[in-house]
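A.B. asks: Would you be able to build a 3D model of this:
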Amino acid sequence: MTLYENEIADAVGSLEGEIVSFVQELVRTPSLPDQEHEVQNGVAEKLKQCGAEVVQFPVRFDEVRGHPAFSDDGFSSDERVDVVGRWKGTDGGTSVILNGHVDVVSPGEESLWEDSPWSGIEKYGRIFGRGSCDMKSGLAAGIFAVKAVTKAGVSLKGDVSVHSVIGEESGGVGTLAALNRGYTADGAIILEPTSLAICPIQSGALTFRLTVKGKATHAAMKWDGVSAVEKFALLLSAVKEFEQQRHGEYSSKYFDDPNHVAPISFGTVQGGEWHSTVPEKLVAEGRFGVFPGESVTKAKDDFEEMIATAAAADPWMREIQPSVKWFEGQFESGKTPVDHPLVETLSRCHEMVTGNKSKIGGVTYGSDLRLFTNHAKMPAVLYGPGDVRLAHAANEYIEIEEIFTATKVLAYMLADWCGGESR
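C.D. replies: Below is the predicted model of the structure:
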């Protein structure tokens with residue numbers, strides 16, 4: 001590997017301008033769910049320019065609906081597309097997938113942004129815009145890592161594939177579709193924003209809908225009604241206590257904060273029909289965190305039991321019981337052993353580039369990692385540029401130098417893991 005360090009580093013350096021331009025191009029191409037075609041066409045074209053064999057295929061729900069990891073995210077069931085680019089190895093060496101998603105979340109209230117969410121503007125050594133951090137820069141780093149290895153005159157013995165997928169933000173149907181079609185390898189690096197920490201462990205996240213019923217009446221006669229909002233407040237207190245209890249029973253050295261490994265959070269609350277009417281219904285939607293190694297079935301059962309127990313303590317809810325429904329994103333937890341060769345090789349390459357030992361940790365969010373580890377039975381890690389705290393936020397951005405560092409680490413990783421040799 002040391003024979004190619006200088007050549008690869010020089011190649012990445014020569015590509016820096018092109019990397020920035022491509023990230024900007026991706027950010028400037030909005031790719032909300034059901035609107036990913038244009039950006040996927042751009043990715044496919046770039047992969048072809050880099051010498052990959054490229055396949056684009058529709059993600060059809062009917063092909064994966066029976067899979068235990070399938071989540072119907074409510075978007076198009078047959079019109080969104082995945083892109084797979086493949087560089088065939090020379091001698092049957094170890095293969096790898098570089099996985100990234102192009103779907104992004106809504107930019108929210110655009111007045112909160114300094115520039116357009118789709119500007120891709122470069123300033124302060126950063127690129128701004130929705131998807132810059134999560135995770136178009138990571139995808140770009142993966143593509144240009146392969147280009148850098150090629151430009152450095154290094155041939156790889158093992159196959160390298162780039163999977164540019166849709167649907168990650170809402171359940172992972174894009175990655176599931178690719179794996180279901182047989183696009184697998186000896187390992188996978190998912191290019192999520194980890195601030196260049198190596199994360200082989202992920203918590204799970206289950207989307208739920210809690211419905212609470214009350215009894216409507218005129219607000220001036222509120223004592224004759226039952227407020228669904230007030231009943232929800234009782235359940236909210238129970239959820240907070242339950243979250244603390246769960247974390248008190250779990251420990252892991254791979255998470256920075258032991259009290260926030262599998263958080264429970266409400267994202268939307270809608271209740272009532274009129275300001276002068278006691279609300280007869282409230283619907284709250286949120287995400288329920290799943291601890292690494294915890295079964296999804298047990299997690300769901302425990303949450304539903306907690307809601308039922310809390311409701312039983314209230315005379316109204318004992319009779320008019322709240323309901324829990326699970327929908328859309330249902331992310332299991334996932335894990336690759338921290339001493340797996342994939343983790344060790346990536347750690348070694350990270351230290352070669354940065355001069356620092358890599359941080360090995362877990363992430364508290366759901367990701368496509370679990371599809372590789374739990375269902376394709378492949379080792380996988382999360383590793384990429386960007387601070388996840390900026391993802392989904394106004395004025396999202398990526399540090400440009402971090403993209404370059406990630407590109408170089410990934411290029412070294414390809415030469416090491418897949419087996420590099422001079423052409």
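
A.B. asks: Show the pLDDT at residue 2.
C.D. replies: pLDDT recorded at residue 2 is 58.

A.B. asks: count of neighbours near the residue lying closest to residue 129 once chain neighbours are set aside?
C.D. replies: The shortest distance from residue 129 to any non-neighbouring residue, by CB to CB, 6 or more residues apart in numbering, is to residue 27 (3.8 Å). Yep, even glycine has a C-beta here, placed from its N, CA and C like the rest. Residues contacting residue 27 under the criterion other CB atoms under 10 Å number 29.

A.B. asks: Poorly predicted segments of the chain, please.
C.D. replies: Regions of the chain meeting the criterion pLDDT under 70 cover residues 1-3, 423.

A.B. asks: Longest helix of it, counting residues only.
C.D. replies: helix 228-248 (DSSP state H).

A.B. asks: what separates that helix from the chain centre, distance-wise?
C.D. replies: From the chain centre to the centre of helix 228-248 is a distance of 27 Å (CA atoms, centre = their mean, to the nearest Å).

A.B. asks: Partner strands of the following helix or strand past that helix and their direction?
C.D. replies: The C-terminal neighbour of helix 228-248 among helices and strands, as given by DSSP states H and E, is strand 264-271. Paired neighbours of strand 264-271 in the sheet (DSSP bridges): strand 281-290 (antiparallel).

A.B. asks: circling back to that earlier point, okay, angle between the longest helix of the chain and strand 281-290 too, please.
C.D. replies: On the basis of axes from the mean of the first three to the mean of the last three CA atoms, to 10 degrees, helix 228-248 is oriented at 10 degrees to strand 281-290.

A.B. asks: Helix 228-248 packs against which elements?
C.D. replies: With contacts taken as 3 or more CB pairs under 8 Å, 6 or more residues apart in numbering; DSSP states H and E, helix 228-248 sits against strand 204-213, strand 264-271, strand 281-290, helix 296-312, helix 315-319.

A.B. asks: In CSV: those, plus mean neighbour count and distance to residue 372.
C.D. replies: Output for these, formatted as CSV (neighbours: other CB atoms under 10 Å; distance: least, CB to CB, whole Å):
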stretch, mean neighbour count, distance to residue 372
strand 204-213, 22, 14
strand 264-271, 13, 26
strand 281-290, 20, 17
helix 296-312, 16, 17
helix 315-319, 14, 41
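
A.B. asks: would you list the ones you listed in JSON lines and tack on distance to residue 169?
C.D. replies: Formatted as JSON lines, the helices and strands packed on helix 228-248 follow (distance: least, CB to CB, whole Å):
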{"stretch": "strand 204-213", "distance to residue 169": "11"}
{"stretch": "strand 264-271", "distance to residue 169": "13"}
{"stretch": "strand 281-290", "distance to residue 169": "12"}
{"stretch": "helix 296-312", "distance to residue 169": "19"}
{"stretch": "helix 315-319", "distance to residue 169": "33"}
